[in-house]
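**Q** Predicted coordinates and the sequence they were generated for:
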Amino acid sequence: MATFAPVDVQISAPTTGEKKTVAYFYDSDVGNYAYVAGHPMKPHRIRMAHALIMNYGLYKKMEIYRAKPATKLEMTQFHTDEYVEFLNKVTPDNMDAYTKEQGRFNVGDDCPVFDGLFEFCGISAGGSMEGAARLNRGKCDVAINWAGGLHHAKKSEASGFCYINDIVLGILELLRFNQRVLYIDIDVHHGDGVEEAFYTTDRVMTVSFHKYGEYFPGTGELRDIGVGSGKHYSVNFPLRDGIDDKSYKGIFEPVIKSVIEYYRPNAIVLQCGGDSLSGDRLGCFNLSMQGHANCVNFVKNFNLPVLVLGGGGYTMRNVSRTWAYETGLLVGQNLGPQLPFNDYYEYYAPDYELDVKPSNMDNANSQDYLQKIKIQVIDNLRQTTFAPSVQMTDVPRDPVGMNDEADAELDDADEDENADSRYTKRRWDKYIERDDELDPSDDEDGNEANGVRRQPNAPKRRRNMMDFQNPHAVADDDMASGAVSARSGRSRNGSANGIGSHTASDDGQEGSPLSDESEGEIFNGGREDSLSSGNRDIEDDDVDMTDEPAVAGPIMRGGHLATDGPQEATPPDSPPPVAANPTVPPNVVDDTGNNAMDEGDTLDDPEFAKEVGHDEREKENVAAEKATEVVERAE
């Protein structure tokens, strides 16, 4: 028995060569519509996915477009005129007048009438058609429209929450420029509306992996392979409850690989219904986010133009997380496990994580069953014509909807209307950030207007002067203590030269010098403020020999104590005078042992008696050196 494909569904980081141009289609109005109270289909999930996409920063890697809603004429390329006209006219207010038409077009229970019904259909179909048109023009490699993927709608009938089949309209647009289009459906429900639309042609091959057996819509049997020229071009892989990542990968990859080898499509449409995820409100599969995204990654790697669409999905937090993650894969960006802050952050409580984990649900799909279905599907593919061609026809000059000329006109109009704006909405949406951009310039106001919220732990974007502090600079405390030491040393040396000293006159002790401790307190208290403001406190008047006269104090003159006024300071430019008998304060005496002034050298010390008997010449030399040192420090 053959084994399945490798079970590792972890997505590796895309390489630089795999990066593609991605066009992302989103209309901010899509989340405003609601079917009816209690209905499981909630367009709000698209807005939740968009909030994650924006706050993960994926908008920097792709072009964002708001497609023009599809018109009635464009919808009638597939749907009947009567059906489209009915959808355009019916409202909750007048629906009683259309009772007969509601029964005819299957509008009622699953597909209720709600406010803005036709506008919602126009947004969904417009994004898919515009995405196909951009692929046709070669303007992008991947087009994304999570509002699309409504695969149950029929030609003249609503079905399964779907009114307008945007997938068929997108494929019809692709067929105008491409010979063969492959449609892949990984929704838990069978894509019956798309299969029915192309059941008789070989221009489109439809491949659907879905739950089959007592399950909506009840179609999609293995034997449903198409009719006429479309025989064997409809591929159905019926599944049972609880299929997991390993089993799904084991069937999806070999089947899709065989389909592409036999059919050789020119473009691919991938419907990514989120109801095949584990824990879906209406689903019965057990796929994790990684298992679901593996399908997207596998299809992308064939390097064909791809139109990626949404679809089902009725547990909103799981659908939005998965679609955001798959958007990251398509733009070549792996997303972090922790969700960024966004407008709907509380929806993801209590874990606030990106991952959607599988449950312990039993897998009713045995390996024997899956292997038999896979063999039969690949055998049906062998019955097809290899890469069927079409009759020679003229390729239309312009696709339906937007073209290059209309695009240029919109750009010109945007420039004219917003000449003074740095980033208009159109410019902001089309900007793609380069990977080698060193310092991307983000417009914070523009980001805020487009739903990008500031993350709690994100660095500040506005750069201030205080953001650039020198890490090697001396700390403020070290600078303060160093300044105190310098001032203390200067005061002591100045006093040794007879220039002056601080007095504690405020304390009533005239003539007593301040200690180092008291001087430090004054500096740390009032000096810091006075240094910054330019004011000086009376208690902290410092002595500057070059600018101010010395403070009066006790000095020695000719060996006698003199208190008759201050001594004039020596200018810094003059050579230091050398006195025969240098004057020193009576309580401070030279220490010739270490050639420096020591605290505690007073007249009462025993050490002073020894120093008095030293040679007079040696004392004069020491005193002269000290006087020179004081002047040099002052300079």
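**A** Ah, there it is.

**Q** Poorly predicted segments of the chain, please.
**A** Within the chain, the stretches with pLDDT under 70 are 1-19, 391-412, 414-416, 418-447, 449, 458-469, 474-617, 619, 630-631, 635.

**Q** which SSE is Gly127 in?
**A** Per DSSP states H and E, Gly127 falls inside helix 117-136.

**Q** Following the chain past that helix, name the next helix or strand.
**A** Per DSSP H and E, helix 117-136 leads on to strand 142-145 as the next helix or strand towards the C-terminus.

**Q** Now do the strands in the stretch 301-450 of the chain.
**A** Ranges of strands in the stretch 301-450 of the chain, per DSSP state E, counting those that start in this stretch, are 306-309.

**Q** Please apply the same query to the stretch 151-300 of the chain.
**A** With DSSP E, counting those that start in this stretch as the criterion, the stretch 151-300 of the chain has strands at 181-185, 204-211, 234-239, 267-271.

**Q** about what we covered before: angle of the helix holding Gly127 against strand 181-185?
**A** With axes from the mean of the first three to the mean of the last three CA atoms, to 10 degrees applied, the angle from helix 117-136 to strand 181-185 works out at 130 degrees.

**Q** Just the C-alpha atoms of the stretch of helix or strand Ala49 belongs to, please, in PDB.
**A** Using DSSP H and E, Ala49 sits within helix 44-55. Presented in PDB, the C-alpha positions along helix 44-55 are these (Å, rounded to 0.1, in the frame of the first residue of the first chain):
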ATOM      1  CA  HIS A  44     -17.700  40.900   9.800                       C
ATOM      2  CA  ARG A  45     -15.100  38.100   9.700                       C
ATOM      3  CA  ILE A  46     -13.600  39.800   6.600                       C
ATOM      4  CA  ARG A  47     -13.100  43.000   8.500                       C
ATOM      5  CA  MET A  48     -11.400  41.000  11.300                       C
ATOM      6  CA  ALA A  49      -9.000  39.300   8.900                       C
ATOM      7  CA  HIS A  50      -8.200  42.700   7.400                       C
ATOM      8  CA  ALA A  51      -7.400  44.100  10.800                       C
ATOM      9  CA  LEU A  52      -4.900  41.400  11.400                       C
ATOM     10  CA  ILE A  53      -3.400  41.800   7.900                       C
ATOM     11  CA  MET A  54      -2.900  45.500   8.500                       C
ATOM     12  CA  ASN A  55      -1.500  45.200  12.000                       C
END
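
**Q** for the very next helix or strand once past it, packing partners?
**A** Next helix or strand after helix 44-55 toward the C-terminus (DSSP H and E): strand 63-65. If contacts are counted by 3 or more CB pairs under 8 Å, 6 or more residues apart in numbering; DSSP states H and E, strand 63-65 sits against strand 22-25, helix 425-430. All C-beta spots, glycine's among them, are computed from the backbone N, C-alpha and C.

**Q** before we move on, the earlier item: next, the angle from the helix holding Gly127 to strand 267-271.
**A** Put simply, helix 117-136 runs at 150 degrees to strand 267-271, going by the same axes, to 10 degrees.

**Q** tell me which strands and helices helix 117-136 is in contact with?
**A** Counting contacts by 3+ CB pairs under 8 Å, 6+ apart, helix 117-136 packs against strand 22-25, helix 72-75, helix 81-89, strand 142-145, helix 166-175, strand 306-309.

**Q** nearest to Pro456, of the ones you listed?
**A** strand 22-25 (26.2 Å; CB to CB).

**Q** what helices or strands is the closest one leaning on?
**A** Contacts defined by 3+ CB pairs under 8 Å, 6+ apart place strand 22-25 against strand 63-65, helix 117-136, strand 142-145.

**Q** Can you list the strands that the first one pairs with?
**A** With DSSP bridges as the test, strand 63-65 is paired with strand 22-25 (parallel).

**Q** same check, this time on the last one
**A** Here the strand partners of strand 142-145, with direction, are listed using DSSP bridges: strand 22-25 (parallel), strand 306-309 (parallel).

**Q** Run through who's touching the last one.
**A** Outside of strand 306-309, the residues within contact range by CB atoms under 8 Å, 6 or more residues apart in numbering are 128, 131-132, 135, 141-146, 148-149, 166-167, 170, 174, 267-272, 296, 299-300, 326, 330.

**Q** at 7 Å instead, please
**A** Here strand 306-309 makes contact (CB atoms under 7 Å, 6 or more residues apart in numbering) with 128, 131-132, 135, 142-145, 148-149, 167, 170, 268-272, 296, 299-300, 330.

**Q** what does the first one give?
**A** By CB under 7 Å, 6+ apart, the residues outside strand 22-25 that reach it are 61-65, 67, 127, 130-131, 134, 139-140, 142-145, 330-331.

**Q** For Pro350, the count of nearby residues, please.
**A** Pro350 has 6 neighbouring residues, counting by other CB atoms under 10 Å.

**Q** what's the spacing between it and Asp280?
**A** Going from Pro350 to Asp280 by CB to CB, to the nearest Å gives 20 Å.

**Q** cool, Ser229 as well?
**A** As defined by CB to CB, Ser229 lies at a distance of 37 Å from Asp280.

**Q** more neighbours, those two?
**A** Taking other CB under 10 Å, Ser229 and Asp280 do not tie; Asp280 has more neighbours (23 against 12).

**Q** so who does the more buried one touch?
**A** Gly274, Gly313, Tyr314, Thr315, Asn318.

**Q** Identify the residue spatially nearest to the second one, adjacent ones excluded.
**A** Using CB to CB, 6 or more residues apart in numbering and skipping residues adjacent in sequence, the residue nearest Gly313 is Gly274, 2.7 Å away.

**Q** quick revisit: could you give the angle of the helix holding Gly127 to helix 166-175?
**A** Using the same axes, to 10 degrees: helix 117-136 against helix 166-175 is 30 degrees.

**Q** Only C-alpha atoms, please: export helix 117-136 in PDB.
**A** Extracted in PDB, the C-alpha atoms of helix 117-136 (Å, rounded to 0.1, in the frame of the first residue of the first chain):
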ATOM      1  CA  LEU A 117     -28.000  42.800  -0.200                       C
ATOM      2  CA  PHE A 118     -27.300  43.900  -3.700                       C
ATOM      3  CA  GLU A 119     -24.400  46.200  -2.600                       C
ATOM      4  CA  PHE A 120     -22.800  43.300  -0.700                       C
ATOM      5  CA  CYS A 121     -23.000  41.100  -3.800                       C
ATOM      6  CA  GLY A 122     -21.500  43.900  -5.900                       C
ATOM      7  CA  ILE A 123     -18.500  44.200  -3.500                       C
ATOM      8  CA  SER A 124     -17.900  40.400  -3.500                       C
ATOM      9  CA  ALA A 125     -18.100  40.000  -7.300                       C
ATOM     10  CA  GLY A 126     -16.300  43.200  -8.100                       C
ATOM     11  CA  GLY A 127     -13.200  42.200  -6.100                       C
ATOM     12  CA  SER A 128     -13.000  38.800  -7.900                       C
ATOM     13  CA  MET A 129     -13.500  40.200 -11.400                       C
ATOM     14  CA  GLU A 130     -11.000  43.000 -10.800                       C
ATOM     15  CA  GLY A 131      -8.500  40.500  -9.500                       C
ATOM     16  CA  ALA A 132      -8.900  38.400 -12.600                       C
ATOM     17  CA  ALA A 133      -8.500  41.400 -14.800                       C
ATOM     18  CA  ARG A 134      -5.300  42.400 -13.100                       C
ATOM     19  CA  LEU A 135      -4.000  38.900 -13.600                       C
ATOM     20  CA  ASN A 136      -4.900  39.100 -17.300                       C
END
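
**Q** angle of it against helix 81-89?
**A** Using the same axes, to 10 degrees: helix 117-136 against helix 81-89 is 120 degrees.
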